[in-house]
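K.L.:
Based on what follows, work out the 3D shape:
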Amino acid sequence: MYTGLSPYKQNTHFSKINSNIVNGANPYTTSTDKINPDNPDIQKYFQKVAKVPYKANYDTNAPKKPAQFWKDNYGDCDDKSAAFADYLNRMGAEDIKIVIILHNSKKYSHCVVIWKNHVFDATAEPPLYNMEQTKYFNYLKKMGFNLQITYPYTYYKKSYL
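P.N.:
Numbering: from 1, shown residues only. Now for the predicted structure:
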């Protein structure tokens, strides 16, 4: 059940926490590998995905193909995650995961990308780029989101509409 509800849109406290975390700070700054979160092209693409208007799709649990997401110019958390993960995959990134997080009530779910053990959440306000996953999931637990279902991106992309 993907509701498309971002747990952060209704909680301004998270914005305060996010502002205290140095997004983008990571251990890859000295790497010669250009497929890392410090790459400005990857950062720009993430921001482009994040700026696409949010609109939940209650008719289906399947994400849109990235081309359809861009054509429609709207999407929910799974559509935005799929679009960003697809870009990373095309850039040659490895170990990309899509994570679906379920609320204890079973009424809400959320979808994000994990890459290099960091979270990329294009529907959070403000968008979360390269946040250490333990901090992210610890915060979600406080809001009642506990169950995490993780898919390798190569498996997840088979579920596109």
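K.L.:
CA atoms for contacts and neighbours, from now on please.
P.N.:
OK.
K.L.:
any idea how far the longest helix seen in the chain is from the chain center?
P.N.:
Criterion DSSP state H: the longest helix present in the chain is helix 77-91. The chain centre lies 8 Å from the centre of helix 77-91; the measure is Cα atoms, centre = their mean, to the nearest Å.
K.L.:
Just the residues contacting that helix, thanks.
P.N.:
2, 4-6, 35, 42, 45-46, 49-50, 54, 56, 62-66, 69, 96-98, 110-113, 121-123, 153, 157 (Cα atoms under 8 Å, 6 or more residues apart in numbering).
K.L.:
Give me the buried entries from those.
P.N.:
2, 4-6, 35, 42, 46, 49-50, 54, 56, 62-66, 69, 96-98, 110-113, 121-123, 153, 157 (16 or more other Cα atoms under 10 Å).
K.L.:
Helices along this protein, start to end?
P.N.:
12-20, 40-51, 66-72, 77-91, 133-142, 153-156.
K.L.:
out of these, which comes closest to Ser105?
P.N.:
Ranking these by proximity to Ser105 (Cα to Cα) places helix 133-142 first, at 12.5 Å.
K.L.:
show me where pLDDT drops low in the protein?
P.N.:
Confidence mapping of the chain against pLDDT under 70 gives the ranges 1-33, 160-161.
K.L.:
Since that was my last question, I'll sign off now.
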